[in-house]
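take a look and give me a structure for this.
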Amino acid sequence: MNKGRTEARSVARFAVSPEQVGFPFAQQGAKLQQAIDDPSKPAASFKEFFLLTTHPPRGYDASALLDDKRGYWGIENRLHQRLDVIALEDKSRVRTLNAAWNLAMFRRLSISFAMHWRRHQPDPRQATLSGFYDAMKANRNRAAFNLITATHPAWLPDG
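Residues are numbered from 1 along each chain as shown. Model prediction:
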């Protein structure tokens, strides 16, 4: 079951070389077939995906591949959604490679600081990315500079 839907998945694994697939360090490929029966839709849906991994075939079985495929959406729904919604990454008009790279790094850095800031907010209604940007703007970004320039930042591990 997946969100109230009946789901069946199967995986067929195969060894690959980086040269075959044009992906550095690739060692294993898989064909994932998925059938989903959703009671709210008239017919079942069938999907097929191809996966690549740097894990060697020995010691990395089909269930690990299925778990990683499902875990991929955790990344999509966390960082990438924040970039799309707050930073408007998909609507960026930057066209040169260096500018896009620099802008992407600063967006991710900003979101990392915002996630740290959110964890330390007493009011959960204020603990949003928009709340973070508003708080930084309210005191002219002093909090952001203090966070970055601290001698012993609280966000770094001891050591």
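
all helices for the protein, in order.
18-21, 62-75, 81-85, 97-119, 129-138, 142-149 (DSSP state H).

export those helices to TSV and tack on distance to Pro39 and mean neighbour count?
Every C-beta, even on glycine, is put in place using the N, C-alpha and C of the backbone. Formatted as TSV, the helices of the chain follow (distance: least, C-beta to C-beta, whole Å; neighbours: other C-beta atoms under 10 Å):
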stretch	distance to Pro39	mean neighbour count
helix 18-21	38	11
helix 62-75	21	12
helix 81-85	27	14
helix 97-119	37	14
helix 129-138	35	15
helix 142-149	49	13
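
could you list the domains of this structure?
Domain ranges of the chain: 6-85, 94-149, per automatic domain parsing.

adding mean pLDDT, write these out as TSV.
Formatted as TSV, the domains of the chain follow (pLDDT from 0 to 100):
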stretch	mean pLDDT
domain 6-85	79
domain 94-149	77
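
Ala8 contacts Leu32, correct?
No. At 11.3 Å, Ala8 and Leu32 do not qualify as touching, with contact defined as C-beta atoms under 8 Å.

and for the protein, the residue most distant from the center?
Pro42 (32.1 Å; C-alpha atoms, centre = their mean).

closest to Phe46 out of the helices of the chain?
helix 62-75 (15.9 Å; C-beta to C-beta).

for stretch 126-140, C-alpha coordinates in PDB please.
The C-alpha trace of stretch 126-140 is given here as PDB (Å, rounded to 0.1, in the frame of the first residue of the first chain):
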ATOM      1  CA  GLN A 126       7.100  32.100  12.400                       C
ATOM      2  CA  ALA A 127       9.400  29.200  11.500                       C
ATOM      3  CA  THR A 128       9.100  29.400   7.800                       C
ATOM      4  CA  LEU A 129      11.500  30.300   5.000                       C
ATOM      5  CA  SER A 130       9.500  33.500   4.400                       C
ATOM      6  CA  GLY A 131       9.800  34.200   8.200                       C
ATOM      7  CA  PHE A 132      13.500  33.700   7.900                       C
ATOM      8  CA  TYR A 133      13.800  36.200   5.100                       C
ATOM      9  CA  ASP A 134      11.600  38.700   6.900                       C
ATOM     10  CA  ALA A 135      13.700  38.300  10.100                       C
ATOM     11  CA  MET A 136      16.900  38.900   8.200                       C
ATOM     12  CA  LYS A 137      15.400  42.000   6.500                       C
ATOM     13  CA  ALA A 138      14.000  43.400   9.700                       C
ATOM     14  CA  ASN A 139      17.300  43.900  11.300                       C
ATOM     15  CA  ARG A 140      19.200  44.600   8.100                       C
END
